Structure formats: C-alpha cells, structure tokens
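Novice: Build the 3D model from these lines:
(one chain, ligands or ions: 3)
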Amino acid sequence: MTTVLRTKFFLFSLLTLLLVQSMSATAGLTLTREESLWLDQHRDSIAVGVAVIPPYLSNYATGNRVEGLSMDYLQLMEAALGTKFQYQVFENYSAMMEAAKLRSIDVVFGVTNTEARSHFLNFTPVYSHLSNKIFTRKGKFKRAEMSDFAGKRFAVPQGTALVNYISNNYPDITLIQVRDLQEAFSLLAVGEVDGVGSYASAGYLYTVMEGIDNISIGGSVGFDYHISFGSRNDQPILSRLLEKALESVTVEQKNAIERRWVQPEDSQRVDMDTLIHGVIIAGFCLLLILLLMVVLWNRSLKREVNHRKEAQKEVSFLAYHDELTGAYNRQFMLETLAEYTRLPSSADQTTCVILLGLDNFSLINEFHGQKMGDYVLQRMSARLQSRLSCDAVLSRTGGDEFTALLRLSANRVSLSHLADRLIAEISLPIAYGDQSFALTATAGISLQQGEQEDPLRLLEQADLALHEAKKKNPGSHLFYASEMSVKLLENQQLHAALSEALTTEQFFLEYQPQVMLDSGKVIGFEALARWEHPVLGRVPPDKFIPLAEQNGLIVTLGDRVLLLACQQGNQWLNQGLEFERIAVNVSVKQFVEADFASKVLNALEQSGLPPEKLELEITESVFLGDRVLAKETMCKLTKLGICFSIDDFGTGFSSLLYLKELPVSKLKLDQGFIRSITQDHSSLQIVKASLQMGHALNMDVIAEGIEDRDEQQLLQDLHCEQGQGYLFSRPLNPRLITAELLLQIEETVVPVTEV
Ligand code: C2E
Ligand code: MG
Ligand code: MG
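Specialist: Numbers count the residues shown, from 1 in each chain. Ligands and ions are numbered 1, 2, ... in the order given. As a prediction, the model looks like this:
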C-alpha cells in the first residue's frame, strides 16, 4: 500500500468512527445526536391525540382506553423510540384536528395529507388505507356517483379530508358536515340527507349498531383516505423520529396488525345485507347459468350423439347399399360371396350367382331421361327382391345389372325356373305417369363347383354366361360352361394382338362389288377390313370388329380404313375404272368423334378421291346418340357430295322419324333377312316393308348377302334395285378388281334377270 493510500484509508476510518459515535441507537433505531437529545428532553411528554374512528382504526376499549389498528402502530413506535406517549382521547375527529391545529397536541393519527393540514402538520408515510363509499337509502339509487348528488344533501363528518374534497370538486352538493359518522348514518336512515360519504367498515358498524337496515352502498366517492401520522410542523425532529419509528415496524408486524383488525377486508364487512343479497343473487344466477348450460350441453350432446349415430348409420348403410335402389352394393355382394364360397359346397347346398342384365336399358335413359331411368331401376330392384327368398342377397352391381346371390341345392332345373321367374318379373309392363313400357332382361348363372372356389371367378363366369346369353338369345338365361372361358381367353389374347396389329401392317382391305340387279352393272364397292395375323392367320371381322369396338381401337382402325379406301378409289379412277361410289363402314364410336367430319375431309384431300365418290355406311345406333350433332355432321358432309347409307337396316332401332329427318340416301337390307327371304314369310314381309319405306322416302335400297339366284329373282320382283353378295362376288383383293372382272360380274348377273 502506498503512503497516500494509507493516509486516505486512515482518514476514512476516522470519519466513519465520528459519525457512528454521533448517532445513538435507541431500541434498534438509529438516531442522530440531535434527535437523541430531543428525544431525551421530550421522552415522556409527547402528546398524541386520539379520536374514536371506529370500527378498527381506533375505538373505545374499556373506560377511556382506546385500541385499534392505529393504536397498535403507536405502541410499536413508542417501543422503538423508547418513549411513553401521552394520549389524549377526543370525542370526534374534528375535535382532535382542532387540537392539533392549536398545537395542544404534538401528534395526531389517521390523517390524510392535505394542503390545508400541511400548514400545521408534517406527515409520516401512509400506514393504512380506507376506501370511501357513497351510502344511500336502499332503492334510491341503483348505482350512485357523486355527481348524482348535485342539489342534494350529502353528509360527511366535519374536519375530515372528505369535506375539502367534496366542496372543491362538487360545489353543487349541499354538504352537511356532521359531528361523526354515527350522526351521518342516523340522518341518512331517516331521510334527512340523501347520501353519506364514509369508509365502508364504518357504515357497516353503524348500521348494525343502530339497527338500520335501509342503507346500502351505491358507489365510490372517488377519494380514499391514505392515512399517516401527523406531527406539529414546528417540531421537525419529532416528525423525523416518528418516521423512523414507523419505518422500524417490520413487515411481519404490519401483517399481524392487519390480520388483527382489518381482515376480513373492510369492504367485505360492509353492508352485509347487500353483500349477502349480492352473493345470493350471484349464486342463484350462477346456478341458473350452470343449470342452463347443463341442459343445453345435455341437449346438444344428445343431438350430437343422435347426429353421429344417424351419420354412422348412413355411412354404414351407404357402405353396403346402392343409394338409388336401396339394394346391396357390389362391395357387400363381394364380401358375402367370399363368405359363401368359404362354406362347404355340396349337391344339397352350394353358392349360386344369378347375374341379371336389363336389355337396352340405355334407351330408357336416352329417350325418357335419367329420372325415368332411375325410377325403372328402383322398380326393378323392388320386383326382383319380391321374387327372391329373404335369404337371397340382391345387389346392384352395375348400371343396369343386378346380382342375386344364393345358397341352395345345385339343381339346375329349379335354378332355371328361378332365373325365368326373375326375367318374367322384369318383363312386366311398367307405368310411369301416363306412359307404359316393358323391358326385357337376360341372365347368366354360375354355380360353385368345389371347395374354396375363387369368388371372383364365380362372378366372371356368371358375367360370361350373361354375355353369351345376350348375344345368342336376349331375354333368356344361360348357365356358365367352360367353353365360354376358352372364348374369353381367346378374346383376351386377341385383344392384345389387336393393339399390336394396329402398329404394324397386318390390316388391309378387300372390296366387295355392288351391282344393279337388273343390268348386273357394278356400281360400287364396299371396303371391308381384313386382319392377317402372323400366327393366328386370318381373323374374321365379326371377331375383331366387336373387340375393337369394345376397347375403342375401332376409331384408329376406322381412320386407317377410310384413308386406304379413299386412296384405292382414287387409284381406280386414275386407272379408268368406272364406278359410282366406294362404301366405307363407319362405327358409331368413330362417327360421334368431334373431328369426324374433318377426318373424312382430310382423307379425301390426302387421297384425291372426289367426295361424290364416297359413301359412308352407318348403323341405326348412330341415331340413339345426339341426333342434332349427327344431323349436323351428316348435312355438312352431304353438302360436299358424300352420301350416307344405313347398314344392316332392320336389325336395329328402325324408325321412320330419323329416316325422314336425316340426309340418308340408301338403305342396306341386312343379309339376315335376305338369307331366309325365300323360306321365311316374316323376313319377306320385313324386306317388303323396308323397300316400300325406302322408296317412299326416295332412297335407294340394296340387298346384302345375296347368295343364290332365287333370292336375286325375288328381290328384283320386289323392285329392289341393287344387290351385294357372294352370288356376284366375294370381297376381293383390290388387285383383282379390273374392268374385265367388272364385265365378268355383269355377265353373270344379266342371264338371271333375263330368265
Ligand atoms: P357389313 O358391313 O354388313 O359387311 C357385309 C358383310 O357381309 C361382310 O362380312 C361380307 O363379307 C359379308 N357378305 C357379303 N356378301 C355375303 C354373302 O353373300 N353371304 C355371306 N354369308 N356374307 C356376305 P365381313 O367382311 O365378315 O364383315 C363383317 C362386318 O364387319 C361388316 O358387316 C361390318 O359390319 C364389319 N366391318 C368390316 N369392315 C369394317 C370396317 O372397316 N369398319 C367397320 N366399322 N366395320 C367393318
Ligand atoms: Mg357394311
Ligand atoms: Mg351389312
């Protein structure tokens, strides 16, 4: 340590010592010499004024003795200062304040620091708070504010800080300064004043003491007492001593005092009536709200539970039912079928699938609208259900297909009867509004043969049987037979081969001449697609065309045929071959394509064939679709010179209406009618009628499939002008078609007509 530092430390220690010596500790208080001296001189002469400020600030205990919150503080302060205060008990607060003003007492308690009082008092820090309320007579005010008392009489104990506050802030209030709060409440109880300003606990006390029950708290005055000890301001040492003494009161001591006098907190002790009332009302309200909540919650819970139950019911219903008909759906059928096929199968009991397809159901939607279609499906479902035993599972497994799943004896005869009954039920006329019509249905049946049968296979078998029945004899039923599967397999293989064939050059065209029956003159050719598969060999069109129709490949195929035919036609023209038209078959799927007309124009342009040399063969099914669009396409192409013929006329949806409406120039009588025309009377009638119809509408009529001269003769007798068939020529490779060949054909025809 350096000398300078050591000197500084010494001086600091000396100063500290001097300071400590000048202060003397009085019962734990650190006092200055001056304070100690003053205290020594006044130790037992400090006069403390005490007024009675009930209920807890100060109140009479016994005789003239006063006790209360302030008294507890004063006693602790006495102890801290080591003094004995000389208490003077005043009748009321204002008397105490008067004495303080006159300095006849040195200390007062319970004072709020105001400007007026600071002229004669110094104040210690605040040691308690009193919240001032507005007391009114019950029912006078629901909620009172000080401004409500303008022009009214308002009582406050004289000499209190409240007097100054009200007179300064609410000059319109008629202030009634009373001796003490007891007087104030008595006046209020009898209506002498309209309001009283008082701290809440006093109000409670006086109303209880006086037996007053018509007073309640209406609001807050807006001015609270923050009370301190005051000491005469000509004795500043005294006020410092009081301050130090008050500061020496520990937090624990303060809490103990508060606990002893104030708790429960004064505002809670006030006006128990109001409080109890309030509590009762609040409790009642709370109870009501709770009850209401419980009821509402219970209700909404019930509703929610019901709602969920309903939703669950609906979900599980929809999961296994067809929404439209209410019958089971495919999912349920599959699950049940899987269950059934797991059961042992015997001659007495086995699993049976009857798949029912409504014939031409699409026509109902087409012609009568979806609503009618829905109605029919609902009716059919109900009818089938009524015909089935209750343990049969009826499901709607497709747009127009129903499946009946049964466990019964594998008796084919009784199953046959059942299938017929179901078909008959569907065939009964159905009425809708003022309309009535009938549908037919076809059925495919499959039976579980052995144990552990694959349920899906059973379905496939029923499906195959249905398709076969539809093809062979719509309106009847067929049991599944293994040949059907062979056919299916073939079809599947064929399908794969067909897709591939379109990418290669396996397709080509043959052309079948069309002749005038009277002269034998070849007037045109029908282009017919041919498929030469490297392994399968020649695949007939009646096999691959329906397949291509099914999978949409017909559009690509048809486009290719159209172009090839146009090219061939143009080539013949260039070679000088004379013919009227070259006919190309067009499938419905091709025709309904949006760009069909432009594809035709492209083919003509690309090939150079004049439009008036092209004939498009369409079938009647084209008119089941969008007839407006069909008409538009046909008119557009007809205007260019292209003509349309109806292929296989009489086998489809023959209607005079569309024949009249649409630009059709030729009818091609189906070879089915021609084949039997010489033996079958009805075929003859159909051909006759068709010829009449065609002629009446100014159309050409051509008979297809003429194989012998009798047929030719008969047709000529019926005034059929044109013919096509093996009698004249089979479809030929275009290379074989020459002017000579056409002459040969002409010659074969003429002798017959001449006979
Ligand atoms: P279709 O349009 O009615 O064609 C006539 C069918 O009758 C041809 O059968 C033809 O060979 C056959 N035929 C002609 N004269 C006789 C006869 O005197 N006796 C017998 N039994 N048959 C005769 P093909 O070539 O087998 O064609 C069958 C069907 O395939 C065609 O019937 C047509 O509907 C369809 N088809 C053929 N090529 C095409 C094509 O390029 N596009 C489309 N969409 N369909 C085609
Ligand atoms: Mg044809
Ligand atoms: Mg035909």
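
Novice: make it CA atoms for all contacts and neighbour counts henceforth
Specialist: Noted.

Novice: can you pull the buried residues of the strand ranked longest in the chain?
Specialist: Determined from DSSP state E, the single longest strand within the chain is strand 522-533. Of the residues in strand 522-533, those buried by neighbour count under the rule 16 or more other C-alpha atoms under 10 Å are 522, 523, 524, 525, 526, 527, 528, 529, 530, 531, 533.

Novice: filter the residues you listed down to the ones near ligand 1?
Specialist: When C-alpha under 6 Å from any ligand atom is applied, the members of those adjacent to ligand 1 are 528, 529.

Novice: Run me through the strand neighbours of the next helix or strand after the longest strand of the chain, direction for each.
Specialist: The first helix or strand that comes after strand 522-533 along the chain, using DSSP states H and E, is strand 537-539. Its sheet considered, strand 537-539 pairs with strand 522-533 (antiparallel) by DSSP bridges.

Novice: which residues of the stretch 351-500 of the chain fall in strands?
Specialist: Assigned by DSSP state E, counting those that start in this stretch, the stretch 351-500 of the chain shows strands spanning 393-398, 401-408, 430-432, 435-437, 441-447, 477-479.

Novice: and the residue lying closest to residue 125 once chain neighbours are set aside, bridged to which residues?
Specialist: Excluding the flanking residues, the one nearest residue 125 by C-alpha to C-alpha, 6 or more residues apart in numbering is residue 228, at 5.7 Å. Beta-bridge pairing for residue 228 (DSSP bridges): residue 111.

Novice: and the gap between residue 228 and residue 360?
Specialist: For residue 228, the distance to residue 360 equals 107 Å [C-alpha to C-alpha, to the nearest Å].

Novice: Neighbour count for the two, which is higher?
Specialist: Each of residue 228 and residue 360 has its neighbours counted (other C-alpha atoms under 10 Å); residue 228 has more, 23 against 12.

Novice: wait, what's in contact with the more buried one?
Specialist: Contacts for residue 228 (C-alpha atoms under 8 Å, 6 or more residues apart in numbering) come out as 109, 110, 111, 112, 113, 123, 124, 125, 126, 127, 128.

Novice: Relative to residue 113, how far out is it?
Specialist: For residue 228, the distance to residue 113 equals 7 Å [C-alpha to C-alpha].

Novice: Mind listing the shared neighbours of these two?
Specialist: residue 123.

Novice: Could you chop the protein up by domain?
Specialist: Following automatic domain parsing, the chain resolves into domains at 3-129+227-261, 132-223, 272-320, 330-480, 492-754.

Novice: Of those, which shows the lowest average pLDDT?
Specialist: When these are ranked by mean pLDDT, domain 272-320 comes last with a mean of 73.

Novice: re earlier: could you dump the strands of the stretch 351-500 of the chain into CSV with mean neighbour count and distance to ligand 3 added?
Specialist: CSV is the format used below for the strands of the stretch 351-500 of the chain (neighbours: other C-alpha atoms under 10 Å; distance: least, C-alpha to the ion, whole Å):
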stretch, mean neighbour count, distance to ligand 3
strand 393-398, 23, 31
strand 401-408, 22, 30
strand 430-432, 13, 34
strand 435-437, 9, 30
strand 441-447, 27, 26
strand 477-479, 24, 28
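
Novice: quick one: whatever residue of the stretch 451-600 of the chain ends up closest to ligand 3 and residue 545, what's the gap?
Specialist: The minimum distance from the stretch 451-600 of the chain to ligand 3, using C-alpha to the ion, falls at residue 585 (8.8 Å). Taking C-alpha to C-alpha as the measure, residue 585 falls 11 Å from residue 545.

Novice: Would you mind confirming that residue 232 is in contact with residue 122?
Specialist: Yes. Using C-alpha atoms under 8 Å, residue 232 is in contact with residue 122, at 6.2 Å.

Novice: joint contacts of those two?
Specialist: Joint contacts of residue 232 and residue 122 (C-alpha under 8 Å, 6+ apart) are residue 239.

Novice: just the strands in the stretch 651-755 of the chain please.
Specialist: So, for the stretch 651-755 of the chain - with DSSP E, counting those that start in this stretch - the strands run 666-669, 700-704, 722-724.

Novice: what's the most buried one of these?
Specialist: strand 722-724 (a mean of 26; mean count of other C-alpha atoms under 10 Å).

Novice: Pull up the residues of the chain that are close to ligand 1.
Specialist: Contact residues, the chain versus ligand 1 (C-alpha under 6 Å from any ligand atom): 528-529, 540-542, 545, 558, 561, 585-587, 648, 704-707, 724-726, 731.

Novice: Tell me which of those fall in helices.
Specialist: Among the residues of the chain next to ligand 1, the members falling in helices (DSSP state H) are 541, 542, 545, 558, 561.

Novice: Show the contacting residues for the first one.
Specialist: Pointing back at residue 541 there. For residue 541, the contacting residues are 529, 530, 531, by C-alpha under 8 Å, 6+ apart.

Novice: Just put those in CSV and tack on distance to ligand 3.
Specialist: Shown next, in CSV, are these (distance: C-alpha to the ion, whole Å):
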residue, distance to ligand 3
529, 13
530, 15
531, 18
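
Novice: Where does the nearest residue to residue 210 once chain neighbours are set aside fall, secondary structure wise?
Specialist: Leaving aside its chain neighbours, residue 210 sits nearest to residue 186 (7.8 Å; criterion: C-alpha to C-alpha, 6+ apart). Using DSSP H and E, residue 186 maps to helix 181-189.

Novice: Point out the other helices and strands that the following helix or strand past that helix packs with.
Specialist: As assigned by DSSP H and E, the chain's next helix or strand after helix 181-189 is strand 195-199. Using 3 or more C-alpha pairs under 8 Å, 6 or more residues apart in numbering; DSSP states H and E as the contact definition, the elements that strand 195-199 packs against are strand 132-137, strand 153-157, helix 181-189.

Novice: so which of the ones you listed gets nearest ligand 3?
Specialist: Closest among these, using C-alpha to the ion: strand 132-137, at 110.9 Å.

Novice: can you give me the angle the closest one makes with helix 181-189?
Specialist: Interaxial angle, strand 132-137 versus helix 181-189 (axes from the mean of the first three to the mean of the last three C-alpha atoms, to 10 degrees): 40 degrees.

Novice: Pairing partners for strand 132-137, with directions?
Specialist: strand 195-199 (antiparallel), strand 215-220 (antiparallel).

Novice: Does residue 222 fall in a helix, a strand, or a coil region?
Specialist: Secondary structure assignment for residue 222 (DSSP: H, G, I helix; E, B strand; the rest coil): coil.

Novice: Looking at the contacts of residue 228, spot the one nearest residue 500.
Specialist: The closest of the contacts of residue 228 to residue 500 turns out to be residue 128 (C-alpha to C-alpha; 104.8 Å).

Novice: Dump the strands of the stretch 651-755 of the chain to CSV, plus distance to residue 630.
Specialist: Listed next are those as CSV, based on distance: least, C-alpha to C-alpha, whole Å:
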stretch, distance to residue 630
strand 666-669, 17
strand 700-704, 21
strand 722-724, 26
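
Novice: Same list (those strands) but as TSV, adding distance to ligand 3.
Specialist: Listed next are these as TSV, based on distance: least, C-alpha to the ion, whole Å:
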stretch	distance to ligand 3
strand 666-669	7
strand 700-704	6
strand 722-724	10
